[in-house]
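> Pasting the sequence and the predicted coordinates here, then a few questions.
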Amino acid sequence: MKLLQYLLLLAPLTVALRLDRRGKVVYDGYKIFRVAPGSDVAAFEAQLESLEAIDLTHNHGHVEEEHFDVAVPPENLNAFEALNLPSQVLTEDLGADIALEGELAEYLELDMSAAALPSLSWFNAYHAYADHLTFLKDIQSSFSSNSELITAGKSFEGRDIQGIHLWGSGGKGSKPAVYFHGNVHAREWISSKVVEYLTYQLVANYNNDTTVKGFLDKYDFYILPVVNPDGFLYTQSTNRLWRKNRQTRSGTSAVGTDVNRNWPYKWDGEGSSTSPGSGQYRGVKAGDTPENTGIRTLGDQLAAGKGIKLYIDWHSYGQYILTPYGYSCSAVAANQAKQNSLARNVATAIAKPYGTRFTTGPTCSTLYATAGGSNDYVTDVNNAEYGWAIELRDTGRNGFTLPADQILPTGIEAWEGMKYLFANM
């Protein structure tokens, strides 16, 4: 332990993030490691902080061996490797991986008089936030008799949290809700693209596929592709790996709260942080982020109306289908057996196009504890029949920086899973 402490003292205690001429954080030379932390996880996390390593994600070892995925800056690679921790390299150069995502593509607004469906080429590249709003508007215009644009409150910086409501032959608001949202964590770009792909398939196939028509005739769909617009914009302008919202608070220079540790249910337990600098910072009070207030209020309204049949909070990465609960590894949902069966069968359907394998199970006992998490609130407070979180591709090779050529395959396999789920839930 004395050697370890000495090595940590050799490492710079503060490594200023490097910026390019545009003021954007540069991750060139960062390596991503998958590390087994050993028995003293707290000491390991202190080591990461001393080395200015970025904790990208971790698995608490309930299903697989416990591990952390961490990005280590080039200045501290020697010190990290000298710790001789059991690890494997996932990415040799994070900056190169970010470059592989490609430049943000231009999206040309459609001629509204034509009411045409947008091109599938939308899913060949990542796009600026403003283009996501235009794409959503174009989707709605192509399905104007059975859809409307909606908002779920505003972000901390005052942006509308925008989405779309789809319905079938029963009319607007006449059926139980399916409620989806993406990009609550700003860096998880693939989540909004997949939510948009699911929307696209529902709209494109309503009039030519009786199965899809049946989904919309049975449920009202409320879909919010980007529920953390401030953070999402920040990942595009400044720091690709930003996670939280952009909320400032008195008494600290740290910025941001994890909107998905802020739900006012089982808020102050294991699986969140009281430190404002943490990526899992839960806030000063439960539900005190404007983004959480917005998406929660919409869910409360849906629950008070026709009820919520299915809720999915879309994330990346890891390839997991996570059922309740996150706040406890021993709590069991009343319909847990049914949820387990559905999740396994959804995973089988997802695997059909490309063989992509998803792990399924309750959040805490499968992945990690999550206090103040979305699907626990929606399950127990809103009484949703199914309250899930899904972690999309991949399992760590690209992580949050999934190349653009994987957007469409990720959407295709997710759609296969959702078709099974809509037909059998």
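Sure thing, it's come through.

> any idea how far residue 212 is from the residue nearest to residue 350 when sequence neighbours are not counted?
Leaving aside its chain neighbours, residue 350 sits nearest to residue 417 (4.0 Å; criterion: Cβ to Cβ, 6 or more residues apart in numbering). All C-beta spots, glycine's among them, are computed from the backbone N, C-alpha and C. The gap separating residue 417 from residue 212 is 15 Å, by Cβ to Cβ, to the nearest Å.

> ok, now residue 225?
Residue 225 is 19 Å from residue 212, by Cβ to Cβ.

> tell me which residues form a beta bridge with the most centrally placed residue in the chain?
With distances taken as Cα atoms, centre = their mean, residue 315 lies nearest the centre of the chain, 2.3 Å away. When bridges are called by DSSP bridges, residue 315 pairs up with residue 391.

> More neighbours: residue 417 and residue 212, which one.
residue 417 (24 against 19; other Cβ atoms under 10 Å).

> quick one: contacts for the more buried one?
By Cβ atoms under 8 Å, 6 or more residues apart in numbering, the contact list for residue 417 reads 321, 346, 347, 349, 350.

> residues near residue 184, how many?
Residue 184 has 29 neighbours, counted by other Cβ under 10 Å.

> Can you name the helix or strand that it falls in?
For residue 184, there is no host helix or strand (DSSP states H and E).

> any idea how far residue 68 is from residue 57?
8 Å.

> how close does residue 219 get to residue 148?
Taking Cβ to Cβ, one finds residue 219 at 16 Å from residue 148.

> Please apply the same query to residue 229.
19 Å.

> which of those two has more neighbours?
residue 229 (26 against 14).

> And the pLDDT at that one?
If you check residue 229, the pLDDT there is 98.

> ok, now which ones touch residue 274?
Residue 274 neighbours (Cβ under 8 Å, 6+ apart): 281, 282.

> For it, give me phi and psi.
Phi and psi for residue 274, reported as degrees, to the nearest 10, are phi -100, psi 0.

> Residue 228 versus that one, what's the distance?
21 Å.

> Quick one: the strands in the stretch 51-200 of the chain, in order.
Here the stretch 51-200 of the chain has its strands, by DSSP state E, counting those that start in this stretch, at 54-59, 67-72, 87-91, 147-154, 160-166, 177-181.

> Pick the most deeply packed of the ones you listed.
Among the strands of the stretch 51-200 of the chain, strand 177-181 has the highest mean neighbour count (mean count of other Cβ atoms under 10 Å), at a mean of 26.

> Now it: average pLDDT?
Strand 177-181 comes out with an average pLDDT of 98.

> what's the answer for stretch 317-325, then?
On average, stretch 317-325 scores 97.

> Which strand or helix spans residue 217?
Element membership for residue 217 (DSSP H and E) is helix 210-218.

> Please give the centre-to-centre distance between that helix and its chain.
Here the centre of helix 210-218 is set off from its chain's centre by 27 Å, with Cα atoms, centre = their mean, to the nearest Å.

> before we move on, what about stretch 154-170?
Centroid displacement of stretch 154-170 relative to its chain, using Cα atoms, centre = their mean, is 17 Å.

> just to revisit the earlier point, would you mark the buried spots in the helix holding residue 217?
212, 213, 215, 216, 217, 218 (16 or more other Cβ atoms under 10 Å).

> What is the nearest of those to residue 178?
Nearest to residue 178, judged by Cβ to Cβ, of the buried residues of helix 210-218 is residue 215 at 8.3 Å.

> list the contacts for that closest one?
168, 202, 419, 422, 423.

> State the pLDDT value of it.
Among the per-residue scores, residue 215 shows a pLDDT of 98.

> What of residue 67?
In this model, residue 67 carries a pLDDT of 88.

> gap between the two ends of stretch 134-153?
Using Cα to Cα, to the nearest Å, the end-to-end distance of stretch 134-153 comes out at 19 Å.

> how close does residue 421 get to residue 415?
From residue 421 to residue 415 the distance is 10 Å (Cβ to Cβ).

> ok, now residue 90?
Distance of residue 90 to residue 415, given as Cβ to Cβ: 28 Å.

> Run a quick neighbour tally on residue 237.
The number of residues packed near residue 237 is 14, by other Cβ under 10 Å.

> was I right about it contacting residue 24?
Yes. Using Cβ atoms under 8 Å, residue 237 is in contact with residue 24, at 7.0 Å.

> before we move on, back to that, now for the contacts of residue 215: which two are most distant?
That would be 168 and 419, which, of the contacts of residue 215, are the farthest apart (Cβ to Cβ) at 15.6 Å.

> Could you find the closest non-adjacent residue to residue 221?
Take residue 221 and drop its neighbours on the chain: the residue closest to it by Cβ to Cβ, 6+ apart is residue 166, 4.3 Å away.

> That neighbour bridge partners, please.
Here residue 166, judged by DSSP bridges, has bridge partners residue 147, residue 221.

> so what's it up against?
Per Cβ under 8 Å, 6+ apart, neighbours of residue 166: 143, 146, 147, 199, 202, 203, 216, 220, 221, 223.

> re earlier: can you tell me which of the buried residues of helix 210-218 is closest to residue 115?
Nearest to residue 115 among the buried residues of helix 210-218, with distances taken as Cβ to Cβ, is residue 216, at 17.9 Å.

> quick one: low-confidence ranges for the stretch 51-200 of the chain?
Low-confidence segments of the stretch 51-200 of the chain, defined by pLDDT under 70: 60-64, 110-114.

> swap the cut-off to 90 and go again
51-52, 54-55, 57-67, 83-85, 100, 102-103, 108-116 (pLDDT under 90).

> which residues of the protein fall in helices?
2-10, 41-50, 77-82, 94-100, 129-141, 189-205, 210-218, 229-237, 290-304, 336-354, 363-366, 374-380, 407-424 (DSSP state H).

> Could you check how far the fifth one is from the centre of its chain?
Put plainly, it is helix 129-141. Between the centre of helix 129-141 and the centre of its chain there are 20 Å (Cα atoms, centre = their mean).

> what angle do it and helix 229-237 make?
Counting by axes from the mean of the first three to the mean of the last three Cα atoms, to 10 degrees, helix 129-141 lies at 120 degrees to helix 229-237.

> Show the contacting residues for residue 276.
249, 252, 254, 257.
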